[in-house]
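# A structural model of the following input is requested.
(one chain, ligands or ions: 1)
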Amino acid sequence: MTTTADPQTASTADALRSTYQSGRTRPLAWRRKQLEQMARMLEENEAEFLEALRIDLGKPSVEGFITDIAFVTSEIKPMIKHLTRWNKPKWVSSPLVTLPARSRLVPEPLGVVLVIAPWNYPIQLLLVPAAGAIAAGNAVVMKPSEVSAATSAALGRLVPKYMDTSAVALVEGGVPETTELLAQHFDHIFYTGNGTVGRVVMAAAVQHLTPVTLELGGKSPVIIDRSANLKVAAHRVAWGKWLNAGQTCVAPDYVLVDEKVRQPFLDELGKAITEFYGPDPHASSSYGRIVSPRHFERLTSLMQGGTAAVGGQSEPGDRYIAPTVLVDVDLEAPLMCEEIFGPLLPVIPVSSARQAIDFVAARPHPLALYVFAGDKGVVDQVLAQTTAGGVTVNGTILHLTNPHLPFGGIGESGMGGYHGESGVRLFQHLKPVLTRGTAMDPSIAYPPYTDLKAKIFRRIL
Ligand code: NAD
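Purely as a prediction, here's the structure:
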C-alpha cells in the first residue's frame, strides 16, 4: 500500500481521458469484455479474495462469498445480458409544432468516472459501481479503501491483470492519494463512506462542476410494533445486525420496541444470538471481527451508553466484540448520537408506534428503516410518516439485494441510487435528439407573424 501521494496519481484522469476520447470504451463489445473479465477475476481468484476479507475483517468465507463475490457477479450478469437494451436509444413522441420530426433519448457515457470505496464490503462497493460505469461506456478510476489493506492489495494486483488498464485504473492509497485524485477533473464521482468525507468529496467536485453520487450511512432504526411476530423479528434483526460484525451501512443501528413486548423481544433476540453463534460467539467461525484497533476502541467506548443485556465482552488482541444488546440507553450518549457501525444494538422502549415515528422523524433521514408489524395499518403509518433511503418491512437489509429497487440514501444518508439497471443509468447522460424531416417545411412558424398564424397557434398550443 502506498502511504504518500504517488506522482503517477496526478495524471490518472488525464491518461484515462485520452483513452476515453479515442472512443475505445464506446463499443458494446469492449464493455462486454471488461464486464466478463471482472467476473472472471472474481471467479478465478475467489480463494485469494476470501482470504483477504478474512485478514481484514475476519469475514466468514460464506459471508464473503455472498456479499463480496456473488453479489458482484449477480450485478454483472444482467449488465452483460441487457447491455444492448440498456444502451439503446429510446424513441419518444414529438409535439405537433415540431413535425415533421422524430425524437429520441440517446444514452451516452459521461466520460471518466471516479469510484471511491470504503472498507466494510471492500470488493462489492468498489466493483459494482465500477461495473455500472463500464457498462455505460465510461473509463473508470477505482480507489479501494486503505483500511481493508489486504483486500486493497489483492485488487491492486489482480485488476490490472484482467482489465484494460488504458481505461480501467486502480489507485491504491489513503487520504493523500484520494486528495490528489479529487483535485483532478472527473465527469462523475461515486463515493461510498462517511458523511464527513462525503462533504470533502462534494466540495472538491464543485471545482469542476462534477456531479456526485454519495452513498453514506447513518442510524438506521428498527421499529418493533406490539403486533409483530417477535421470534421472526428477532431472527431477522439479529441476522442484519451481526452480519459482518455490525459493520454494514444498512445494519439496524437501534431498536424502538413497544414496551408491551420489550421483554419477550429481548428474550427472543438472546436466543437468536445463541442459535447463530453458539454460547461463545468468540469461538464461532460464523462471526466476524472489527476492522482495526481504532474502530475497536471507538466501539468499546460507545458501549458505555447503555447496559449490556446480552454480550458486552471484547478482546482487543483479535479485535473481537461480542454481539451486544444494550438496554437502559442514554439517549444523549455518543452511542445514540453517531452511527454505531459495529455489533452493539441499543434497544429502546416506546409507548406506541406514534412515539417511534416521532423519534425517527426528529433525527436525520436514515439510510434504511425497518418496521416489524402484523398490523398493516401500523406499517402504512410508518411508511407514510417517515423518510428513509430504503425500507424492508418485516425484515432487514434485503431491499438492497433487489436490483429492481435503486439503493441509496436521502439527506444525511446520501444522494443518488444504484444497483441493476439504475446502476448503469447513473453513469449515462440521456442525450435528447430531435431530427427534423426536410421533405416538408411548413412556414407557419416563420415570420412574418400574421393574424392567421396567431389564430392557428392559439388553437394548437
Ligand atoms: P473509509 O475510512 O474506508 O473511507 C472511505 C473512502 O474515503 C476510502 O477510500 C478513503 O481512502 C477515503 N477517504 C478517507 N478520508 C478521506 C479524506 N479526508 N479525503 C479524501 N478521501 C478520504 O470508510 P468509512 O468512511 O469509515 O466507511 C464507513 C461509512 O460508510 C459508514 O458511515 C457507512 O454507513 C458508510 N457506508 C455506506 C454505504 C452505502 O452504500 N450507503 C456502504 C458502506 C458504508
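# ok, the residue nearest to residue 460 when sequence neighbours are not counted to residue 287 distance?
Excluding the flanking residues, the one nearest residue 460 by C-beta to C-beta, 6 or more residues apart in numbering is residue 96, at 5.7 Å. Heads up, the C-betas are built off the backbone N, CA and C, glycines and all. To residue 287, residue 96 is 66 Å away according to C-beta to C-beta, to the nearest Å.
# Which one of those two is surrounded by more residues?
residue 287 (26 against 8; other C-beta atoms under 10 Å).
# can I assume the residue nearest to residue 460 is in contact with residue 456?
No - at 10.7 Å, residue 96 does not count as touching residue 456 under the criterion of C-beta atoms under 8 Å.
# which residues touch the residue of the chain found nearest the ligand?
Relative to the ligand, the nearest point of the chain is residue 217 (2.0 Å; C-beta to the nearest ligand atom). Contact partners of residue 217, counting by C-beta atoms under 8 Å, 6 or more residues apart in numbering, are 194-195, 249, 339, 341, 367, 409, 413.
# how about 7 Å then?
Neighbouring residues of residue 217 by C-beta atoms under 7 Å, 6 or more residues apart in numbering: 194, 249, 339, 341, 367, 413.
# would JSON lines of these with secondary structure and pLDDT be doable?
Output for these, formatted as JSON lines (DSSP: H, G, I helix; E, B strand; the rest coil; pLDDT from 0 to 100):
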{"residue": "194", "secondary structure": "coil", "pLDDT": "97"}
{"residue": "249", "secondary structure": "coil", "pLDDT": "97"}
{"residue": "339", "secondary structure": "coil", "pLDDT": "98"}
{"residue": "341", "secondary structure": "coil", "pLDDT": "98"}
{"residue": "367", "secondary structure": "coil", "pLDDT": "98"}
{"residue": "413", "secondary structure": "helix", "pLDDT": "98"}
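# Now do the SS call for the closest residue to residue 302 other than its chain neighbours.
Spatial nearest neighbour of residue 302, excluding adjacent residues (C-beta to C-beta, 6+ apart): residue 335 at 4.7 Å. Under DSSP: H, G, I helix; E, B strand; the rest coil, residue 335 falls in the helix class.
# cool, and the one 10 residues further on?
Under the three-state scheme (three-state DSSP), residue 345 adopts strand.
# okay, now it: neighbour count?
When neighbours are counted by other C-beta under 10 Å, residue 345 comes out with 28.
# which neighbours does the helix or strand hosting residue 140 have in its sheet, and in what orientation?
Applying DSSP states H and E as the criterion places residue 140 in strand 139-143. Note on strand 139-143: by DSSP bridges, its sheet partners are strand 112-116 (parallel), strand 168-170 (parallel).
# name the helices or strands packed onto the helix or strand following the first one?
Read that as strand 112-116. Using DSSP H and E, the next helix or strand after strand 112-116 towards the C-terminus is helix 124-135. Judged by 3 or more C-beta pairs under 7 Å, 6 or more residues apart in numbering; DSSP states H and E, the packing partners of helix 124-135 are helix 28-44, helix 71-81, strand 112-116, strand 139-143, helix 422-425.
# Let's see that with 8 Å instead.
Using 3 or more C-beta pairs under 8 Å, 6 or more residues apart in numbering; DSSP states H and E, the elements in contact with helix 124-135 are helix 28-44, helix 71-81, strand 112-116, strand 139-143, strand 188-192, helix 422-425.
# With mean pLDDT and mean neighbour count added, can I get those in JSON lines?
Formatted as JSON lines, the helices and strands packed on helix 124-135 follow (pLDDT from 0 to 100; neighbours: other C-beta atoms under 10 Å):
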{"stretch": "helix 28-44", "mean pLDDT": "98", "mean neighbour count": "17"}
{"stretch": "helix 71-81", "mean pLDDT": "98", "mean neighbour count": "18"}
{"stretch": "strand 112-116", "mean pLDDT": "98", "mean neighbour count": "28"}
{"stretch": "strand 139-143", "mean pLDDT": "98", "mean neighbour count": "26"}
{"stretch": "strand 188-192", "mean pLDDT": "98", "mean neighbour count": "26"}
{"stretch": "helix 422-425", "mean pLDDT": "98", "mean neighbour count": "22"}
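# in the sheet, who's paired with the residue nearest to the spatial centre of the chain?
Centroid-nearest residue in the chain: residue 215, 5.1 Å away (criterion: C-alpha atoms, centre = their mean). Note on residue 215: beta-bridge partners by DSSP bridges are residue 192, residue 414.
# rewinding a little: tabulate the helices and strands packed on helix 124-135 (JSON lines), appending distance to residue 326.
As requested, the helices and strands packed on helix 124-135 are exported to JSON lines (distance: least, C-beta to C-beta, whole Å):
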{"stretch": "helix 28-44", "distance to residue 326": "37"}
{"stretch": "helix 71-81", "distance to residue 326": "30"}
{"stretch": "strand 112-116", "distance to residue 326": "32"}
{"stretch": "strand 139-143", "distance to residue 326": "35"}
{"stretch": "strand 188-192", "distance to residue 326": "27"}
{"stretch": "helix 422-425", "distance to residue 326": "36"}
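# could these be laid out in TSV, adding distance to the ligand?
Converted to TSV, the helices and strands packed on helix 124-135 look like this (distance: least, C-beta to the nearest ligand atom, whole Å):
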stretch	distance to the ligand
helix 28-44	19
helix 71-81	12
strand 112-116	5
strand 139-143	5
strand 188-192	5
helix 422-425	12
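# Check what pLDDT residue 7 gets.
In this prediction, residue 7 carries a pLDDT score of 47.
# Count the neighbours of the closest residue to residue 409 other than its chain neighbours for me.
Excluding its sequence neighbours, the residue lying closest to residue 409 (C-beta to C-beta, 6+ apart) is residue 389, at 3.8 Å. For residue 389, the neighbour count with other C-beta under 10 Å is 29.
# wouldn't residue 389 be in contact with residue 414 here?
Yes - at 6.6 Å, residue 389 counts as touching residue 414 under the criterion of C-beta under 8 Å.
# Now the common contact residues for these two.
With C-beta under 8 Å, 6+ apart as the test, residue 389 and residue 414 both reach 367, 408.
# List the contacts of residue 316.
Residue 316 is in contact with 293, 296, counting by C-beta under 8 Å, 6+ apart.
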